[in-house]
Structure formats: C-alpha cells, structure tokens
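K.L.:
Starting from these lines, generate the structure:
(chains A, B, C and D)
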Number of protein chains: 4
Amino acid sequence: MDILETHPKKDSFDLGPLRAAIDAASACASTCASCSDACLHEDDPAALRRCIDLNNQCAAICRTTAEILSRPGPNGDSWRAIVQACIAACRECAEECQQHAGHHEHCRVCAEECRRCADACQTLLDAAS
Amino acid sequence: MDILETHPKKDSFDLGPLRAAIDAASACASTCASCSDACLHEDDPAALRRCIDLNNQCAAICRTTAEILSRPGPNGDSWRAIVQACIAACRECAEECQQHAGHHEHCRVCAEECRRCADACQTLLDAAS
Amino acid sequence: MDILETHPKKDSFDLGPLRAAIDAASACASTCASCSDACLHEDDPAALRRCIDLNNQCAAICRTTAEILSRPGPNGDSWRAIVQACIAACRECAEECQQHAGHHEHCRVCAEECRRCADACQTLLDAAS
Amino acid sequence: MDILETHPKKDSFDLGPLRAAIDAASACASTCASCSDACLHEDDPAALRRCIDLNNQCAAICRTTAEILSRPGPNGDSWRAIVQACIAACRECAEECQQHAGHHEHCRVCAEECRRCADACQTLLDAAS
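P.N.:
This is a model prediction of the structure:
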C-alpha cells in the first residue's frame, strides 16, 4: 500500500504523477551521486570536472525535491519553483552526461535517469496546473 | 543496468547489500516525510508530536545515509557510524509509529518501512565487516 | 580566512554576495527547522499547520541552496533556478510566519530571517547576471 | 534574539552548547562542500580523491546534524548516535585534510573547521548526558 493513499489530505493531490515524481527524484538523487563518485574514481577525473559538478548539483536538488513532494499536505505555491529548478538541473546534467555516454557507462545511465526525472517532474507540474 | 555495476571501484564493494540499503534508505526517507506530513494533517496533531519529531529525524538521517552509500568509492571508516545512526533512528521511529499503527494506516506502513531499512543497513554492516 | 578565498577558481565568482547568500541560506535553513519544531510544540499545533508546512519546505530548499552555493566551481546555469526557488520559498514562508508574529516570537524571528535570505539570494543573482 | 530562546520547550535543552553545535555543524557542512569543490578544481584532482570523498561524506552528515539539532523538541535518544556519527566523520575528514594542509590552504581551513565541529558536538553530548 502506498503511504500517500493513507494521507488525510489525499483528495488534494493526484497520487499517480506525484508518486512517479517522488520515485524518479529519489532515484535520480542517488544515481547522480553515484555518477559523481564514479567519475571521480575514473583514471582522469580532471576531464570530468564539469560532469561531477553538475552531478552534485543535480543530486542535491533532486534529494530536496523528493523530500518536499513527500510532504504533500496543501502547502502554498513555491513548491512549483522547486520542481522547476529540479527540471532545469536534470536537463543540464543530462546534457553533460550524454557527452560522456560513449566512454562511461555510468554517464549513459545517469543521463537517462536525469531525463526520466525531468519528465516525471514536468508531468506533475502539468497535472497540478 | 545498475549504475553501481559500472563504477570503476566496483570490486571494492558488495553490490547486493549496498543496493538494498540505498533503496531502503531512500524509500524510508520519503516514507517518514510522508508520515510526518500525514500526522500533522490528522485531526489532532498534538497527540502525534513525538511521532512527527521522530519521523523528521529519521527522514533526515535516512536521506543522508542513502546519499553517502550512493558514493561508495573506498572512503574511510566513519560511514559505519552513519549507518549505525540510521539503524538507531529507524528502530526508534518504528517503535513510536507502531504504537499508532492501529489508528493510523500511515504509521503502520511507516513502522514497516523503518524496520526494513534498519534490517537492510544491518545486513550491509555485517557484509562489510 | 574565508575558505572560498583559497578556491582555485576564485576569480570566477564574486565572493562578497556569494558568502552573504551562503550564510543567509544556512541560517535560514536552521531557523525554519526551529520554527517548525517550535510551532509543533505550541499548545495548538493544528492552528499552525500551514506555517509548519512552509517552514519545512523553506528549510529544505535553503539547505540545498547553501550546499550548492558552497561549491562554486563554474557549473552551468541551473543554479540560478535553484536560487530563484529559494527566494520563492523564503518569501512565501515569510508571509505566513509574519501572520503569526504577534503571537509567536519564533514566527517573528523566522519571518525576518526568511526575508534576509531572499534578499541575499536576490543580490547574488543580480551580481551574477 | 536566538530563535531557540522562544521555543516552547526551551527548558528541556541547554541552549549554549546546542547553539554552538548547530552553528559549527552548519559552518562545517558548507566548508567541507567548498573544500571538496576546491580540491576538484586543483590541477591534479586525482591526488585528492580521498579528501574529496571524505569531504562529501562529512558535508552530508554535518548538514543533517545541523538540521536535527535545530529541531530540539524532546525527541528520543537516536539523535545521540547521529551526533556521534558527525564526530566520527569530522575527525576522519580533519585527519585527511590535515595531510594536505601544507599544499592547499582550503584543506588547512577545512581541517580546523572539522575539529571545531567535532569539539562542539562532543561538548553537546557531554552536556546532555
């Protein structure tokens, strides 16, 4: 059973897209942290600096987005700006990771996960507007 | 494909218990945040103060544990103390949530998730010793 | 000595507004968490639900903003969207806290801290454009 | 005015050591993130991998410790394990940073900040026992 189905305000949110966005953001936070760590331990981390930077940034905003969306009691409007920031960070990180996808499998996997998270967040924003 | 299978130091960690602990901690962080929010929006949040407090605390340490375990490049010994703190917080939160499990379905679900996370973290510590 | 003065890319950022924004976001994250906790332990937490919700949300995005700004190696454009989300959350939380400022001193202090953080973040965005 | 002086449960905690620990953990979280970023942007980041790893780990647990201590409504026992984990991570990071202190000023500053945070956390544990 999904815990959000038992939330007293469950009629105020649309569980499908909300759950998809929480799960995608949680997974993307972990994946970006792993890609950052994997890049750092490759033979030439200096060549992957920008990828590590964007991975760290994306991991942080995805972690916070998952946390905020996990507390869906009706709470104002600024959550939208947070979700939009998450989409921006995911897209920028996906673009960078994609450029290393041919050389590093973790970058290929991470680019996919970032795009998946951006899409899930966009779907949530569209559903909630 | 699991991103950690592509990590350059993958021979230094045991992927099975590591992945299980990351996923359990990510899920528990989100579940505890949702239980905290659900408790707050019940009719009598004053009666659930201790549950909300422990949920918030458990959410925070689970979130950090998931982040740290997602970066498994060989990195010292203090990660064990962090995982032990996660186990302690999960067990304490599970005990409190269990006491409200008969009245609030979210507390029942959350107690289960906390126990699952504590177990996965303990299994990881046992495997890594 | 400010650690950011010793950063190898220190010529790529403007330390004054950056440091001010990091410090304001760190302080606001802690203050919002304290206000949330104080509200919960007041006699009638049900009356403060929205304040607790917005405090939790603002604490989360301020914490992440402080983390991201603390890593100022040149890293793309999406950090701006994160700082903008922080401003939005701070302003919304300040407005709510201000409504309880007459009854709860912690809400008065928190409203001030949120406005201070929003201003420091705006100054940083203006300086970096 | 310190927001924690206005907390309804202020008689249940000792504000001096609590505030010192919150401020030290917040500062250390930011400093470790900055040291990690500075190390990555040095000419030879490969030589600083272990420092970056421990910085990231210490930043994460300090951030969470600051968050948890900022919510001091009486909340169980597991917060002690979290503070102990913070001390362990700070000490391990300080030792590593100290080894690079002669070459990198940010590592020297970070080692100091980590020791200061470990001390403040230990003082808090001693005061609360």
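K.L.:
mind checking the longest helix of chain A?
P.N.:
Using DSSP state H to define each element, chain A has its longest helix at helix A:15-40.
K.L.:
Which neighbouring elements make contact with it?
P.N.:
With contacts defined as 3 or more C-beta pairs under 8 Å, 6 or more residues apart in numbering or on different chains; DSSP states H and E, helix A:15-40 has these neighbours: helix A:49-69, helix A:78-99, helix A:105-128, helix B:15-40, helix B:49-69, helix D:49-69. (C-beta placed from N, C-alpha, C; glycine too.)
K.L.:
JSON lines for those helices, including mean pLDDT and mean neighbour count?
P.N.:
JSON lines is the format used below for the helices and strands packed on helix A:15-40 (pLDDT from 0 to 100; neighbours: other C-beta atoms under 10 Å in any protein chain shown):
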{"stretch": "helix A:49-69", "mean pLDDT": "98", "mean neighbour count": "27"}
{"stretch": "helix A:78-99", "mean pLDDT": "98", "mean neighbour count": "23"}
{"stretch": "helix A:105-128", "mean pLDDT": "97", "mean neighbour count": "21"}
{"stretch": "helix B:15-40", "mean pLDDT": "98", "mean neighbour count": "25"}
{"stretch": "helix B:49-69", "mean pLDDT": "98", "mean neighbour count": "27"}
{"stretch": "helix D:49-69", "mean pLDDT": "98", "mean neighbour count": "27"}
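K.L.:
Switch the ones you listed over to JSON lines; also include distance to C:Ala85.
P.N.:
Formatted as JSON lines, those follow (distance: least, C-beta to C-beta, whole Å):
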{"stretch": "helix A:49-69", "distance to C:Ala85": "8"}
{"stretch": "helix A:78-99", "distance to C:Ala85": "4"}
{"stretch": "helix A:105-128", "distance to C:Ala85": "12"}
{"stretch": "helix B:15-40", "distance to C:Ala85": "18"}
{"stretch": "helix B:49-69", "distance to C:Ala85": "18"}
{"stretch": "helix D:49-69", "distance to C:Ala85": "18"}
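K.L.:
Can you report phi and psi for A:Ile13?
P.N.:
No Ile there; residue A:13 is Phe. Backbone torsions of A:Phe13, given as degrees, to the nearest 10, read phi -140, psi 160.
K.L.:
residues touching it, list them.
P.N.:
Contacts for A:Phe13 were tallied using C-beta atoms under 8 Å, 6 or more residues apart in numbering or on different chains; they are A:4, A:72, A:128.
K.L.:
thinking again about what came up before, any idea how far the longest helix of chain A is from the chain center?
P.N.:
Put simply, helix A:15-40 sits 5 Å off its chain's centre (C-alpha atoms, centre = their mean, to the nearest Å).
K.L.:
ok, now stretch A:89-103?
P.N.:
13 Å.
K.L.:
can you dump the C-alpha coordinates of that stretch into CSV?
P.N.:
Extracted in CSV, the C-alpha atoms of stretch A:89-103 (Å, rounded to 0.1, in the frame of the first residue of the first chain):
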residue,chain,number,x,y,z
ALA,A,89,19.2,20.9,-13.1
CYS,A,90,18.2,17.4,-14.5
ARG,A,91,18.2,18.7,-18.1
GLU,A,92,21.6,20.4,-17.7
CYS,A,93,23.1,17.4,-16.1
ALA,A,94,21.6,15.0,-18.7
GLU,A,95,23.2,17.1,-21.5
GLU,A,96,26.6,16.9,-19.9
CYS,A,97,26.4,13.2,-19.0
GLN,A,98,25.3,12.4,-22.5
GLN,A,99,28.5,13.8,-23.9
HIS,A,100,30.5,11.2,-21.9
ALA,A,101,28.0,8.4,-22.5
GLY,A,102,30.2,6.7,-25.2
HIS,A,103,33.1,6.4,-22.8
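K.L.:
nearest to chain D, of the contacts of A:Phe13?
P.N.:
Of all these, A:Pro72 has the smallest distance to chain D: 20.3 Å, by C-beta to the nearest C-beta.
K.L.:
Give me the local confidence score for the closest residue in space to A:Leu15 that isn't next to it in sequence.
P.N.:
Spatially, and ignoring its direct neighbours in sequence, A:Leu15 is nearest to A:Leu4 (5.6 Å; C-beta to C-beta, 6 or more residues apart in numbering or on different chains). On the pLDDT scale, A:Leu4 is placed at 98.
K.L.:
wait, A:Leu4 sits on A:Pro72?
P.N.:
Yes. The pair A:Leu4 and A:Pro72 qualifies as a contact (C-beta atoms under 8 Å) at a distance of 6.8 Å.
K.L.:
Identify the contacts common to these two.
P.N.:
The overlap between the contact sets of A:Leu4 and A:Pro72 (C-beta under 8 Å, 6+ apart) consists of A:13, A:18, B:34.
K.L.:
Quick check: which of the helices and strands packed on helix A:15-40 is nearest to C:Leu54?
P.N.:
Between C:Leu54 and the helices and strands packed on helix A:15-40, the shortest separation by C-beta to C-beta is 7.9 Å, and it involves helix A:78-99.
K.L.:
From the chain's centroid, how far away is the closest one?
P.N.:
Distance, centroid of helix A:78-99 to centroid of chain: 7 Å (C-alpha atoms, centre = their mean).
K.L.:
any residue of it up close to chain B?
P.N.:
No. Under the criterion of C-beta under 8 Å from any C-beta of the partner chain, chain B is not reached by helix A:78-99; the shortest gap measures 10.9 Å.
K.L.:
before we move on, the earlier item: looking at the shared contacts of A:Leu4 and A:Pro72, which one is closest to chain C?
P.N.:
Distance to chain C across the shared contacts of A:Leu4 and A:Pro72 (C-beta to the nearest C-beta) is lowest for B:Ser34, with 12.1 Å.
K.L.:
How many neighbouring residues does the residue nearest to A:Ser12 when sequence neighbours are not counted have?
P.N.:
Take A:Ser12 and drop its neighbours on the chain: the residue closest to it by C-beta to C-beta, 6+ apart is A:Pro74, 5.1 Å away. Counted by other C-beta atoms under 10 Å in any protein chain shown, the residues lying close to A:Pro74 total 11.
K.L.:
if we can go back for a sec, where does the residue nearest to A:Leu15 fall, helix, sheet strand or coil?
P.N.:
What DSSP: H, G, I helix; E, B strand; the rest coil gives for A:Leu4 is helix.
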